[in-house]
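S.K.: Here is my input; please provide its structure:
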Amino acid sequence: MKKLFIGLMLFGIVPVTIFAQTYHKEKQQMVREQIADRGIKDPKVIAAMKDVDRHVYVPENYRDMAYADRPLPIGNGQTISQPYMVALMTELLELEEGDKVLEIGTGSGYQAAVISHITSEVYTIEIIKELAEEAQKNLQKQGYNNIKFKIGDGYKGWEEHAPFDAIIVTCAPSDIPEPLEEQLAEGGRMVIPIGGQFVQEMVLFEKQDSELKKQEISTVRFVPMLDESGKKY
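M.R.: Numbering: from 1, shown residues only. Modelled structure (predicted):
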């Protein structure tokens, strides 16, 4: 087997298993140093971050930085979120296996993949057609069959599948979208960045007695939430 590997490498062919082993080490280090050591405690979230290969959701020219502590460009002016932020937002939702989750902003599909390891139903909306199609193709290639996709305006949510036990928004409107507030189930949780174009506040809402209870989490920076004309909400 060793001679076969050497022969393949001489012809410029590197077996996939070699890459997988390399990225496995980087992923484990990411989870240990960027996730667990920074206070993420939910074992379901930590397990999901260990299971999902972030590098397959990163463009090839950024793949060597796939497990770095930073967001990365994915094209069309969008980014894949910093690993810690993915874990934090997921943990804030306090997900259980049977929860129905709505994600606004599919992006590369990485966040949807993480959530789908925890719960059985994920609905994700992306307004940029090219990103949506690439993410769907990639997620299905990875074997995810509990994620439903929609190309459209995430501000409006996905009414026909509401109510949702949890809603996660990965782009920033200037205020909470009323349709998402209505589509959140009683007792449900929503995590969303709210604010201006460059700096926002990460906010957690919990629906109690048909009212949203607000908890401010941290200052963040996300891409803006846009309508179909490209105007910021």
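
S.K.: Which pLDDT does the model give residue 23?
M.R.: With respect to pLDDT, residue 23 has a value of 85.

S.K.: Surely residue 126 and residue 111 touch.
M.R.: No: when contacts are counted by C-beta atoms under 8 Å, residue 126 is not listed as touching residue 111 (11.2 Å). For the C-beta atoms, the positions are set from N, CA and C on the backbone; glycine is no exception.

S.K.: Among the two, which residue is more densely surrounded?
M.R.: residue 126 (29 against 25; other C-beta atoms under 10 Å).

S.K.: and the gap between the more buried one and residue 73?
M.R.: Distance of residue 126 to residue 73, given as C-beta to C-beta, to the nearest Å: 16 Å.

S.K.: Could you give me the buried positions within stretch 56-68?
M.R.: 56-58, 63, 66-68 (16 or more other C-beta atoms under 10 Å).

S.K.: ignore the last one, stretch 98-108
M.R.: Applying 16+ other C-beta under 10 Å to stretch 98-108 flags 99-108 as buried.

S.K.: Give me the subset of the residues you listed lying in strands.
M.R.: 100-104 (DSSP state E).

S.K.: So which of these is the closest to residue 47?
M.R.: residue 101 (16.7 Å; C-beta to C-beta).

S.K.: Would you verify that residue 204 is located in a strand?
M.R.: Yes: looking at residue 204 with DSSP: H, G, I helix; E, B strand; the rest coil, it is inside a strand.

S.K.: That one reaches residue 190, doesn't it?
M.R.: Yes: look at residue 204 against residue 190 with C-beta under 8 Å: they come within range, at 7.3 Å.

S.K.: higher neighbour count, the two?
M.R.: Neighbour totals were compared for residue 204 and residue 190, and residue 190 leads with 25 against 18 (other C-beta under 10 Å).

S.K.: Could I get the full set of strands for this structure?
M.R.: Under DSSP E, the chain gives strands at 72-75, 78-80, 100-104, 121-126, 147-151, 164-169, 184-195, 200-208, 211-220.

S.K.: Mind giving me the packing neighbours of the second one?
M.R.: Using 3 or more C-beta pairs under 8 Å, 6 or more residues apart in numbering; DSSP states H and E as the contact definition, the elements that strand 78-80 packs against are strand 72-75.

S.K.: What pairs with the strand it packs on, parallel or antiparallel?
M.R.: Using DSSP bridges, strand 72-75 pairs in its sheet with strand 78-80 (antiparallel).

S.K.: which other residues reach the strand it pairs with?
M.R.: With C-beta atoms under 8 Å, 6 or more residues apart in numbering as the test, strand 78-80 has contacts from 54, 57-58, 71-74, 107-108, 110, 128, 131, 223.

S.K.: same thing but 10 Å
M.R.: For strand 78-80, contacts defined as C-beta atoms under 10 Å, 6 or more residues apart in numbering pick out 54, 57-59, 62, 66, 70-74, 86, 105-111, 126, 128, 130-131, 170-171, 221-223.

S.K.: How many residues are close by residue 183?
M.R.: When neighbours are defined as other C-beta under 10 Å, residue 183 has 20 of them.
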